[in-house]
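Participant: Build me a model:
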Amino acid sequence: MKFNLKLVQASLIAAMATASAGASAAVFNDFTIDPDSVAGGTTYTADKITGNYVEVVTFTPTGVNTGTFATSIKWEAGQFVKDDGVNPIPGGLTGLGNTYLMYGFLQGSGSYSTNGSGVTTFNFNPGGSLNVWIDYDLSSFGSFTAPATGADAWTTTSTDSLIATGALFGGSGTLDPTLGTCQGGINCGSFGMSTSFALTAAGSNYFILPSPFYNVSFESGQLNSFQVAGTQTINGSLDVVFGVPEPTSIALMGLGLVGLGVSLRRRKQAA
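Facilitator: Reported below is the predicted structural model:
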């Protein structure tokens with residue numbers, strides 16, 4: 001499916017404005033997985049995937065307190081969650097982390113600026129790449145090699161199945177070391193991104209509903225403390241929800257963009 005990038009970006013901006021204007025409860029879109037298609041497990045309906053990421057990012061200054069960045073992210077899924085992100089589904093039921101693994105590689109770029117208070121704002125450029133994989137036999141565990149810079153890709157010696165591809169629509173984030181939550185170097189900011197999301201044939205056997213599947217993914221991550229200079233390796237939590245890019249059917253409710261937190265509300269259209 002081809003996307004009108006300007007339309008998608010306008011939709012996201014409008015949705016974010018709606019979220020900040022008075023949305024309260026998070027409502028995530030349901031999806032159904034069939035673990036039997038990969039390595040065993042029970043078919044389950046969930047609405048969010050939680051996980052952990054490790055990011056290699058390279059900063060290039062272009063002026064006083066401004067610059068560009070290139071980022072390469074490895075994300076590993078930890079758990080499926082249901083009931084609008086409330087109740088985790090045990091891996092013993094879905095098989096995730098027990099009989100198979102799910103991970104993704106994302107590469108992107110963007111710009112940054114730091115104000116006089118030391119708060120840095122990041123903005124992601126459209127483009128880059130997203131690839132999501134299923135590891136049928138847990139062989140990828142411990143097999144990842146980090147890139148030397150944020151412009152390069154993560155690699156693994158494991159031979160796994162590609163289940164989805166995509167590219168960045170955009171996103172933003174904030175690193176604020178003055179936050180009261182920034183204790184011990186964790187929870188010092190947040191970021192959010194949106195990407196296109198297209199299943200492969202193997203992915204369609206795993207993500208079985210809805211059909212066709214959602215064609216946008218929304219990622220919300222937490223930032224630990226790091227220096228905005230040179231090449232850095234950072235890590236934190238990163239959650240994923242899904243949606244579609246029509247302005248009448250998406251509302252982003254606290255997606256964690258610039259510290260607002262993540263949520264997705266999809267409005268059902270009349271038949």
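
Participant: okay, the closest residue to Leu179 other than its chain neighbours: pLDDT?
Facilitator: Closest residue in space to Leu179, ignoring its immediate chain neighbours: Cys188 at 5.9 Å, by CB to CB, 6 or more residues apart in numbering. Glycine gets a C-beta too; all of them are placed from N, C-alpha and C. Per-residue pLDDT puts Cys188 at 95.

Participant: Quick check: Asp160 touching Tyr136?
Facilitator: Yes: distance between Asp160 and Tyr136: 7.0 Å, which falls inside the contact criterion (CB atoms under 8 Å).

Participant: Tell me where this structure has helices.
Facilitator: Applying DSSP state H to the chain gives helices spanning 5-22, 91-94, 201-206.

Participant: Give the closest residue to the residue most central in space within the chain in space, chain neighbours not counted.
Facilitator: The centre of the chain sits closest to Glu219, judged by CA atoms, centre = their mean, with a distance of 2.6 Å. The shortest distance from Glu219 to any non-neighbouring residue, by CB to CB, 6+ apart, is to Met193 (4.7 Å).

Participant: Tell me the bridge partners for that neighbour.
Facilitator: Gly171, Glu219 (DSSP bridges).

Participant: thinking it is in contact with Gly166, fair?
Facilitator: No: taking CB under 8 Å as the definition, Met193 is not a contact partner of Gly166, at 10.4 Å.

Participant: Neighbour count: the two, which is higher?
Facilitator: Each of Met193 and Gly166 has its neighbours counted (other CB atoms under 10 Å); Met193 has more, 27 against 21.

Participant: Provide a list of residues in contact with Ile49.
Facilitator: 77-81, 102, 239-241 (CB atoms under 8 Å, 6 or more residues apart in numbering).

Participant: Is it correct that Gly171 is in contact with Ser220?
Facilitator: No: the criterion here is CB under 8 Å, and Gly171 misses it with Ser220 at 9.4 Å.

Participant: Strands along the stretch 101-250 of the chain, start to end?
Facilitator: Ranges of strands in the stretch 101-250 of the chain, per DSSP state E, counting those that start in this stretch, are 101-114, 120-124, 127-135, 144-145, 155-156, 161-175, 189-196, 198-199, 207-209, 216-222, 231-243.

Participant: closest one to Val56 among these?
Facilitator: strand 231-243 (5.4 Å; CB to CB).
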